[in-house]
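In: what's the 3D shape of this:
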Amino acid sequence: MCLMAFAWGMHPGCALLLAANRDEYWDRPTDPLACWALPDGTPVCAGRDRLAGGTWLGMNPTGRVAMLTNVRAAQPPSGARSRGDLVTRWLQAQAPVPDVHAFVQHLDPAAYGGFNIVLGDCAQGRWTWLTNRPADVPQGCEPLDLPEGWWGATLTPGIYGLSNAALDTPWPKTVRLKQAMQTALQHLDHSAEAATAALPAWQAVLLDALLDPRHPDAPASDTPGLSSAFVHLPEGRYGTRSTLLVRWPTSALGAVELDEWTHRPEAVPSAVGLDRWPLAHSRHRRISMSTWGMPTSS
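Out: Alright, predicted model coming up:
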């Protein structure tokens, strides 16, 4: 997962609003968004990396959410463990109250390539960001006292952006997606009044930002070809494989809405001249996950 923005505690009817793109090699085997069970039987809703067995972003019906991005500048050590394992570890944790210190206690951060992971609990209203690379804490957040090799913070309600650097690093594509998230929140109460191509207005705003293949002025720390929100590098067979939107209601009686578009980037030879990636070659999946069970519809 290479680009995401999320808002928690920013709307009375929405505990979490999430927008994310996953960038990966086209040939890496991947299962799309679905409801499945972890080895211990915990039900989750997530995509699945078939090569390593984990996932980059997932949630379970008790309210647990985990989202992962790689730190691009950090090279994974030889024999590193799969970073996707961190996501499933959080989702299968049984403690009724999230305990980040217990989560990291028996993990060696040096065993993983560079990563960011956001650990959340929609039921408890607790959110944490962790990384195994030195990083500054976002403004207004409380730094955590963590074992050596870990950095992180407790997140206050707000809108956050994450790509392949520390949380809220102001890369242009991350800033734009955060701005779109702010606009999307304003559309939640009247999304039925304005829609584009049968999409609720809040989804249309976020998709416009996520599907933008244009390259803004990239900072020196970014990598040429990867500065766009929607990445398309046919020569390397690499780019945005899927786009995900999630709306998690504050009411326990409401259903979590998940919409994923899995893309066929090889079907469009070039993104030059496009201001929005066409969805004609993408498959749309929708899942409604009840917080009382999995799923209500798909």
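In: how about residues contacting the longest helix along the chain?
Out: Identified as the longest helix of the chain according to DSSP state H is helix 172-187. The contact list for helix 172-187 (C-beta atoms under 8 Å, 6 or more residues apart in numbering) reads 3-7, 10-11, 14, 17, 19, 159-163, 168, 194, 200-203, 205-206, 208-210, 212, 216-219, 227-229. The C-beta positions use only the backbone N, C-alpha and C, and glycine is treated the same way.
In: tell me the buried residues in that helix?
Out: Of all the residues in helix 172-187, those buried under the rule 16 or more other C-beta atoms under 10 Å are 172-174, 176-178, 180-181, 184-185, 187.
In: among the contacts of helix 172-187, which ones are buried?
Out: Applying 16+ other C-beta under 10 Å to the contacts of helix 172-187 flags 3-7, 10-11, 14, 17, 19, 159-163, 168, 200-203, 205-206, 208-210, 212, 218, 227-229 as buried.
In: what packs against the host helix or strand of Tyr160?
Out: Taking DSSP states H and E as the criterion, Tyr160 maps to strand 158-162. Where contact means 3 or more C-beta pairs under 8 Å, 6 or more residues apart in numbering; DSSP states H and E, strand 158-162 is packed against strand 3-11, strand 115-121, helix 172-187.
In: tell me where the stretch 151-298 of the chain has strands.
Out: 151-154, 158-162, 195-196, 199-200, 232-233, 238-249, 255-262, 283-290 (DSSP state E, counting those that start in this stretch).
In: nearest to Ala93, of the ones you listed?
Out: strand 151-154 (16.4 Å; C-beta to C-beta).
In: distance from the chain centre to the closest one, please.
Out: Centre-to-centre, strand 151-154 and its host chain are 17 Å apart (C-alpha atoms, centre = their mean, to the nearest Å).
In: tell me the mean pLDDT over that strand?
Out: Strand 151-154 shows a mean pLDDT of 97.
In: I'd like to know how far Thr250 sits from Trp8.
Out: Using C-beta to C-beta, to the nearest Å, we find Thr250 at a distance of 10 Å from Trp8.
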